[in-house]
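Asker: Fold the following and give me the result.
(2 chains)
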Amino acid sequence: MQYIRNVATLKLDEQRCTGCGICVKVCPHEVFEIIKGKARIKDIDDCMECGACSNNCEFEAIYVKSGVGCAVGIINGILRGTEPSCDCGCDGGKSCC
Amino acid sequence: MIENINMENINKDYTIDQEGLAKFAKATVSTSLNFSDLFGALKVRLGINRDNYKIEPGIYRVGNPNSESDVLVSANYKLSFDVLRKNLEGLNIWILVIDTKGVNVWCAAGKGNFGTNNVIKSIVENSLSTLVTHRRIILPQLSASGVAAHKVRKFTDFKPIFGPVQARDIKSFIELGYKATPKMRKIEFPMKERAKLIPVDFLYEKYKLLIIMAVFFLLSGLGREGYMVSKLISTSLFPMLSIFGGYFFGIVISTLMLPYIPFRPFALKGAFWGLLFSVILNQFFEVNYLETISMGLVSISLSSFMAANFTGSSTYTSQSGVMKEMKWALPFQIGFMFLGLVLFIISKFI
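Answerer: You can find the predicted model right below:
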């Protein structure tokens, strides 16, 4: 399953990439592959911006603006003027997003 | 003095025996789930007490682990923990449960509770380096958005290995020499998984649903001859079904049929089902055209809103995507609801 096209903020800096392959291991959507010792983005539209890759890239070769992909969280953010967040502050939030 | 302490620690590292291990572990846990585990899981799935389904953080043992046995790291959400232990039959293994405030692995990783600092803290607080002689810890793959393996390695001796996405693959993962196949690395979202999430999501906006139903119920009594309480039951049936049906189709049918509707935005998937439901419902009722249109708008608005809500439970929606979608979907959902309400009132006077 794929979500909306051409929106993911994922960026890969090939200069910094050492081809260690951790991004391939942590990505739950098979976004990356290693070709000739460098990571490559296979299909950016598979990216859900969870941030696992950039969080685990010790060479800082990956950028992604990660966050909750959740309509309730985004509405909360708009209402409170903050970053999107699933916590409504009353009951610990909807813990599944 | 400092030297003495160091010596003590070193001795501790290498003189562990079976008795010594016992004091670290909170309990030996079974790999089979009993009735109360299953009943607890059912309650959580129905939204009962699901914010307080926790287990105490610390070290647990499965089978008869020793200082060479693997260490798995888990969240302290009991549902996650139960799924994990259920899949460890026949293994001798340690489980390090970290305090994620009773939230599952992926969500806790996203919010930072299943994060680098918490993992480091748990390794230190539970003296993991004196419990096992090796330096491997196996983290759930979905914790990677919160845990930076290289930072854990830097601040402890331990080398985290990301395991598979699903607990059911852990045995194969260990047998393959701590390697996951591409399939084990990928998160799927099959019908069965989607269906499990429906009850909680169905109840999520129950108050909004009841308020909207109450408003339309009371407005159903309006008419040219004045307010008719006696006719309230018959005149409110169509709007009540329209509202409940829109809500139901938005969360239940949209969710089950998620991959089969070609539109990518969830709001559009929901709108499709709201429209379809409205068309079907109108085959059974004879109301004036304005009421048909007004309640159609309400059904579409609700169905679209509830389907969009499901983005939070899905496993593949990006924040940028939801942002883009909600920018147009939210005004359209609010607009349809408002327009539906106004037209419904007018329809009572023609």
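Asker: for the lengthiest helix in chain A, what is the average pLDDT?
Answerer: Identified as the longest helix of chain A according to DSSP state H is helix A:71-80. Mean pLDDT, helix A:71-80: 84.
Asker: ditto for stretch A:57-66
Answerer: Here the average pLDDT along stretch A:57-66 is 96.
Asker: Report whether it contacts chain B.
Answerer: Yes. Residues of stretch A:57-66 are located near chain B by CB under 8 Å from any CB of the partner chain, namely A:58, A:65, A:66. C-beta here means a position set from N, CA and C on the backbone, and glycine is covered the same way.
Asker: Touching that stretch from outside, list them.
Answerer: The contact list for stretch A:57-66, computed with CB atoms under 8 Å, 6 or more residues apart in numbering or on different chains, reads A:8-18, A:20, A:22-23, A:39, A:47, A:49-51, A:53-55, B:110, B:145, B:148, B:150, B:319-320.
Asker: in what helix or strand does the residue nearest to residue B:348 when sequence neighbours are not counted lie?
Answerer: Nearest residue to residue B:348 in three dimensions, chain neighbours excluded: residue B:222, at 4.0 Å (CB to CB, 6 or more residues apart in numbering or on different chains). For residue B:222, there is no enclosing helix or strand under DSSP states H and E.
Asker: and residue B:194, what is it in contact with?
Answerer: Going by CB under 8 Å, 6+ apart, residue B:194 touches B:255, B:256, B:258.
Asker: mind listing which of those are in strands?
Answerer: Among the contacts of residue B:194, none falls in strands (DSSP state E).
Asker: What ranges does the stretch 101-250 of chain B have for its strands?
Answerer: Along the stretch 101-250 of chain B, counting by DSSP state E, counting those that start in this stretch, strands occupy B:136-139, B:159-162.
Asker: closest to chain A out of those strands?
Answerer: Shortest distance between chain A and the strands of the stretch 101-250 of chain B, using CB to the nearest CB, is found for strand B:159-162: 5.5 Å.
Asker: Which elements pack onto that closest one?
Answerer: strand B:136-139, helix B:149-155 (3 or more CB pairs under 8 Å, 6 or more residues apart in numbering or on different chains; DSSP states H and E).
Asker: could you dump that strand to CSV, C-alpha only?
Answerer: Only the C-alpha atoms of strand B:159-162 are listed here, as CSV (Å, rounded to 0.1, in the frame of the first residue of the first chain):
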residue,chain,number,x,y,z
LYS,B,159,25.8,-3.6,20.5
PRO,B,160,22.1,-3.4,19.6
ILE,B,161,20.9,-5.5,16.8
PHE,B,162,17.5,-4.7,15.2
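Asker: could you redo the strands of the stretch 101-250 of chain B as CSV and give each row mean neighbour count?
Answerer: Shown next, in CSV, are the strands of the stretch 101-250 of chain B (neighbours: other CB atoms under 10 Å in any protein chain shown):
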stretch, mean neighbour count
strand B:136-139, 21
strand B:159-162, 20
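Asker: export those strands to CSV and tack on mean pLDDT?
Answerer: CSV is the format used below for these (pLDDT from 0 to 100):
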stretch, mean pLDDT
strand B:136-139, 97
strand B:159-162, 97
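Asker: of all the ones you listed, which lies closest to residue B:278?
Answerer: Taking CB to CB, strand B:159-162 is the member of the strands of the stretch 101-250 of chain B nearest to residue B:278, at 46.8 Å.
Asker: roughly how far is that closest one from the heart of the chain?
Answerer: When C-alpha coordinates are averaged (CA atoms, centre = their mean, to the nearest Å), strand B:159-162 and its chain have centres 24 Å apart.
Asker: end to end, how far does stretch B:127-138 reach?
Answerer: Taking CA to CA, to the nearest Å, the span from the opening residue of stretch B:127-138 to its closing residue is 16 Å.
Asker: near chain A, anything from that stretch?
Answerer: No. Stretch B:127-138 lies out of reach of chain A by CB under 8 Å from any CB, never closer than 12.5 Å.
Asker: Pull out the buried residues from that stretch.
Answerer: Using 16 or more other CB atoms under 10 Å in any protein chain shown as the test for burial, stretch B:127-138 gives B:128, B:129, B:130, B:131, B:132, B:137, B:138.
Asker: One more: stretch B:162-176?
Answerer: Here stretch B:162-176 shows B:162, B:163, B:164, B:165, B:166, B:167, B:169, B:170, B:173, B:174 as buried, counting by 16+ other CB under 10 Å.
Asker: Which residues are in contact with the second one?
Answerer: Going back to what we said before, that points to residue B:163. Residue B:163 makes contact with B:72, B:138, B:139, B:140, B:141, B:169, B:170, B:173, B:180, according to CB under 8 Å, 6+ apart.
Asker: Are we agreed that the first one is in a strand?
Answerer: Yes. For residue B:72, which was evaluated using DSSP: H, G, I helix; E, B strand; the rest coil, the result is membership in a strand.
Asker: Quick check: the gap between it and residue B:94.
Answerer: Distance of residue B:72 to residue B:94, given as CB to CB, to the nearest Å: 7 Å.
Asker: is chain B contacted by the worst-scoring helix or strand of chain A on mean pLDDT?
Answerer: The weakest-scoring helix or strand in chain A, judged by mean pLDDT, DSSP states H and E, is helix A:71-80 (a mean of 84). Yes. Counting by CB under 8 Å from any CB, chain B is contacted by helix A:71-80 at A:71, A:72, A:73, A:74, A:75.
Asker: Tell me how many other residues surround the first one.
Answerer: Pointing back at residue A:71 there. Neighbour count of residue A:71, defined by other CB atoms under 10 Å in any protein chain shown: 27.
Asker: wait, doesn't it sit right on residue B:308?
Answerer: Yes. With contact defined as CB atoms under 8 Å, residue A:71 reaches residue B:308; the gap is 4.4 Å.
Asker: list residues touching both of those two?
Answerer: Common neighbours of residue A:71 and residue B:308 (CB under 8 Å, 6+ apart) are B:266, B:322, B:325, B:326.
Asker: Same list, the residues you listed, but as a markdown table with distance to chain A, neighbour count and secondary structure please.
Answerer: Output for the shared contacts of residue A:71 and residue B:308, formatted as a markdown table (distance: CB to the nearest CB, whole Å; neighbours: other CB atoms under 10 Å in any protein chain shown; DSSP: H, G, I helix; E, B strand; the rest coil):
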| residue | distance to chain A | neighbour count | secondary structure |
| --- | --- | --- | --- |
| B:266 | 7 | 32 | helix |
| B:322 | 5 | 32 | helix |
| B:325 | 6 | 24 | helix |
| B:326 | 5 | 21 | helix |
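Asker: want to throw those residues into TSV with distance to residue B:40 and pLDDT?
Answerer: Below are these laid out as TSV (distance: CB to CB, whole Å; pLDDT from 0 to 100):
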residue	distance to residue B:40	pLDDT
B:266	30	97
B:322	31	95
B:325	35	95
B:326	35	95
